[in-house]
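Q: Would you be able to build a 3D model of this:
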Amino acid sequence: MFETLEALNPDPILGLMAAFRSDPRTQKIDLGVGVYRDEKGHTPILNCVREAERRLFEIEDTKTYIGPPGTPEFNAVVCTLMFGREHVVLKDKRVAGVQTPGGCGALRVAAELVKRARGDTTIWVSDPTWANHVPLLGSAGLAIKTYPYYDAARHGLAGDAMVEALNRVPSGDIVLLHGCCHNPSGVDLDIAHWRAVADVLADRGLVPFIDLAYQGLGDGLDADAGGVRIVAERCPEVLVASSYSKNFGLYRERVGALQIVSQTAQASAILASQLGSVVRSIYSMPPAHGAALVEIILQDEALNLAWIEELTVMRERINRLRDVLAARLSDAVAQDFSFIRRQRGMFSFLGITPAQVQQLKGECGIYMVDSSRINVAGLNDGNLDYFVDSCRRVLTH
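A: Below is the predicted model of the structure:
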């Protein structure tokens with residue numbers, strides 16, 4: 001049966017991980033893998049997570065299934081986190097949601113639901129977008145097209161081109177938007193852009209699909225959800241895929257959610273039944289452990305405050321690194337890297353060529369993808385001097 005299959009090239013990020021690990025050099029830097037790292041280069045377990053695990057160990061008395069949607073409590077607390085307590089869609093009971101295996105699971109469940117509802121739908125994604133968006137959504141059988149987003153010459157948002165392109169998208173199609181901390185560019189929509197985009201979506205009858213993978217790592221929990229809240233006020237239907245791998249440091253626990261805003265509470269009840277059916281047909285039941293930790297933390301006032309404090313430390317460290325990196329590179333290379341400090345989240349394009357990326361890897365042991373996307377959180381006081389000096393040598397010769 002399988003003799004016709006051929007070996008595939010490794011995923012670019014996974015291939016970088018393997019190459020980095022096998023590199024025998026002691027002086028090397030991994031800026032490819034998209035996980036948060038602290039000043040020691042470690043991805044820590046948050047203290048609030050440790051305490052939640054201790055409590056869960058004491059109170060958990062079964063390992064039975066939690067059901068395809070996950071627990072109602074989990075879905076309620078993450079809805080509040082993304083929409084805020086007073087949002088009209090929650091008051092009107094217009095949101096149906098399921099817990100998923102990470103944000104990837106949320107994206108795929110959404111794609112399968114869209115395929116079931118209207119199989120000829122096209123999903124429009126930003127150019128560029130997270131590399132895994134296309135296989136996750138396209139493998140469900142949906143057509144994928146792109147709209148302008150990143151202006152490489154200015155290292156910023158191609159806002160006018162984006163709005164102009166969205167005004168030409170056929171009514172009924174889906175537009176995928178990054179809620180905050182755009183991956184891979186780090187370039188986000190500001191509130192004015194969100195309002196302009198929401199107007200276009202509503203006026204043209206387009207369905208927004210927001211990937212909220214990094215809430216709290218850009219400007220703060222409420223600020224990073226600002227786009228979601230604006231769009232949900234303006235548009236009758238909205239899909240939101242969210243991840244708790246990054247902001248809770250629960251990468252290997254695969255905690256995510258899919259929330260869908262409908263026009264009415266009755267429509268939401270129908271969607272809830274359909275979501276449960278889609279989940280049952282893909283992976284049957286979601287894992288429970290990570291979601292239970294998120295649920296405990298968000299429901300306990302003291303733990304919630306502790307989490308916000310730890311998340312603030314992570315966010316402020318990233319933003320401090322952006323400031324330092326922009327200044328140091330601008331001085332060392334005699335080019336303007338100030339765009340790095342204007343971006344948000346862990347990722348940024350350096351704006352260098354694939355040949356220079358390969359030179360940094362081969363000569364200096366500095367690993368990043370060919371697009372020059374770096375994970376800013378991979379830098380620290382121990383390797384920043386080496387990184388800047390390596391960039392100076394490669395970019396000025």
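
Q: Does anything pack onto the helix or strand bottoming out on mean pLDDT in the chain? Which helices or strands?
A: In the chain, no helix or strand scores lower on mean pLDDT, DSSP states H and E than helix 12-22, which sits at a mean of 81. Contact analysis of helix 12-22 by 3 or more Cβ pairs under 8 Å, 6 or more residues apart in numbering; DSSP states H and E lists strand 29-30, strand 366-367 as its packing neighbours. To be clear about C-beta, it is placed using only N, CA and C from the backbone, and glycine gets the same treatment.

Q: from the middle of its chain, how far away would that helix be?
A: The chain centroid and the centroid of helix 12-22 are separated by 21 Å under Cα atoms, centre = their mean, to the nearest Å.

Q: if we can go back for a sec, want to throw the helices and strands packed on helix 12-22 into JSON lines with mean neighbour count, mean pLDDT and distance to residue 298?
A: Output for the helices and strands packed on helix 12-22, formatted as JSON lines (neighbours: other Cβ atoms under 10 Å; pLDDT from 0 to 100; distance: least, Cβ to Cβ, whole Å):
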{"stretch": "strand 29-30", "mean neighbour count": "24", "mean pLDDT": "93", "distance to residue 298": "31"}
{"stretch": "strand 366-367", "mean neighbour count": "24", "mean pLDDT": "94", "distance to residue 298": "35"}
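
Q: With distance to residue 291 added, can I get the ones you listed in JSON lines?
A: Shown next, in JSON lines, are the helices and strands packed on helix 12-22 (distance: least, Cβ to Cβ, whole Å):
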{"stretch": "strand 29-30", "distance to residue 291": "29"}
{"stretch": "strand 366-367", "distance to residue 291": "32"}
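
Q: Which of those sits closest to residue 215?
A: Distance to residue 215, taken as Cβ to Cβ, is lowest for strand 29-30 among the helices and strands packed on helix 12-22, at 24.6 Å.

Q: Which strands and helices lie in contact with the next helix or strand after that closest one?
A: Following strand 29-30 in sequence order, the next helix or strand is helix 47-59 (DSSP states H and E). On a contact count with 3+ Cβ pairs under 8 Å, 6+ apart, helix 47-59 meets helix 289-299, helix 301-333.

Q: Give me the contacts around the shortest one.
A: For helix 289-299, the external contacting residues (Cβ atoms under 8 Å, 6 or more residues apart in numbering) are 48-49, 52-53, 55-56, 60, 70-71, 73-74, 77-78, 80-81, 99, 244, 248, 250, 253-255, 303-304, 306-307.

Q: just how off-centre is that helix within its chain?
A: 19 Å.

Q: how about it as PDB, C-alpha atoms only?
A: What follows is helix 289-299 as a C-alpha-only set of coordinates in PDB (Å, rounded to 0.1, in the frame of the first residue of the first chain):
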ATOM      1  CA  HIS A 289      -5.200  18.500  31.600                       C
ATOM      2  CA  GLY A 290      -4.000  21.800  30.100                       C
ATOM      3  CA  ALA A 291      -7.500  23.300  29.700                       C
ATOM      4  CA  ALA A 292      -8.200  22.400  33.400                       C
ATOM      5  CA  LEU A 293      -5.200  24.400  34.400                       C
ATOM      6  CA  VAL A 294      -6.400  27.400  32.400                       C
ATOM      7  CA  GLU A 295      -9.800  27.000  33.900                       C
ATOM      8  CA  ILE A 296      -8.400  27.000  37.500                       C
ATOM      9  CA  ILE A 297      -6.200  30.000  36.900                       C
ATOM     10  CA  LEU A 298      -8.900  32.200  35.300                       C
ATOM     11  CA  GLN A 299     -11.500  31.300  37.900                       C
END
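
Q: can you tell me how far the residue lying closest to residue 250 once chain neighbours are set aside sits from residue 391?
A: Spatial nearest neighbour of residue 250, excluding adjacent residues (Cβ to Cβ, 6 or more residues apart in numbering): residue 290 at 4.7 Å. The spacing between residue 290 and residue 391, counted by Cβ to Cβ, to the nearest Å, is 37 Å.

Q: that older thread, so which of the helices and strands packed on helix 47-59 is the most surrounded?
A: helix 289-299 (a mean of 22; mean count of other Cβ atoms under 10 Å).

Q: Between the helices and strands packed on helix 12-22, which one is closest to residue 230.
A: strand 29-30 (36.0 Å).

Q: Pairing partners for the closest one, with directions?
A: Strand 29-30 has its sheet partners listed here by DSSP bridges as strand 366-367 (parallel).

Q: and after the strand it pairs with, which helix or strand comes next?
A: Counting by DSSP H and E, the next helix or strand C-terminal to strand 366-367 is strand 373-375.

Q: so how far is that following strand off the chain centroid?
A: 14 Å.

Q: which other helices and strands contact it?
A: strand 347-349.

Q: who does the strand it packs on touch, helix- and strand-wise?
A: In terms of contacts (3+ Cβ pairs under 8 Å, 6+ apart), strand 347-349 is packed against strand 373-375.

Q: Contact partners for the residue lying closest to residue 262 once chain neighbours are set aside?
A: Residue nearest to residue 262 in three dimensions, not counting chain neighbours: residue 268, with 4.4 Å by Cβ to Cβ, 6+ apart. Applying Cβ under 8 Å, 6+ apart to residue 268 gives the contacts 93, 94, 95, 96, 260, 261, 262.

Q: Apply 10 Å and report the result again.
A: Contacts for residue 268 (Cβ atoms under 10 Å, 6 or more residues apart in numbering) come out as 89, 92, 93, 94, 95, 96, 97, 260, 261, 262.

Q: JSON lines for those, including pLDDT, neighbour count and distance to residue 346?
A: Listed next are the contacts of residue 268 as JSON lines, based on pLDDT from 0 to 100; neighbours: other Cβ atoms under 10 Å; distance: Cβ to Cβ, whole Å:
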{"residue": "89", "pLDDT": "94", "neighbour count": "19", "distance to residue 346": "29"}
{"residue": "92", "pLDDT": "92", "neighbour count": "14", "distance to residue 346": "35"}
{"residue": "93", "pLDDT": "93", "neighbour count": "13", "distance to residue 346": "35"}
{"residue": "94", "pLDDT": "95", "neighbour count": "23", "distance to residue 346": "32"}
{"residue": "95", "pLDDT": "95", "neighbour count": "24", "distance to residue 346": "28"}
{"residue": "96", "pLDDT": "95", "neighbour count": "24", "distance to residue 346": "31"}
{"residue": "97", "pLDDT": "95", "neighbour count": "26", "distance to residue 346": "26"}
{"residue": "260", "pLDDT": "97", "neighbour count": "25", "distance to residue 346": "27"}
{"residue": "261", "pLDDT": "97", "neighbour count": "28", "distance to residue 346": "28"}
{"residue": "262", "pLDDT": "95", "neighbour count": "21", "distance to residue 346": "33"}
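
Q: All set, thanks.
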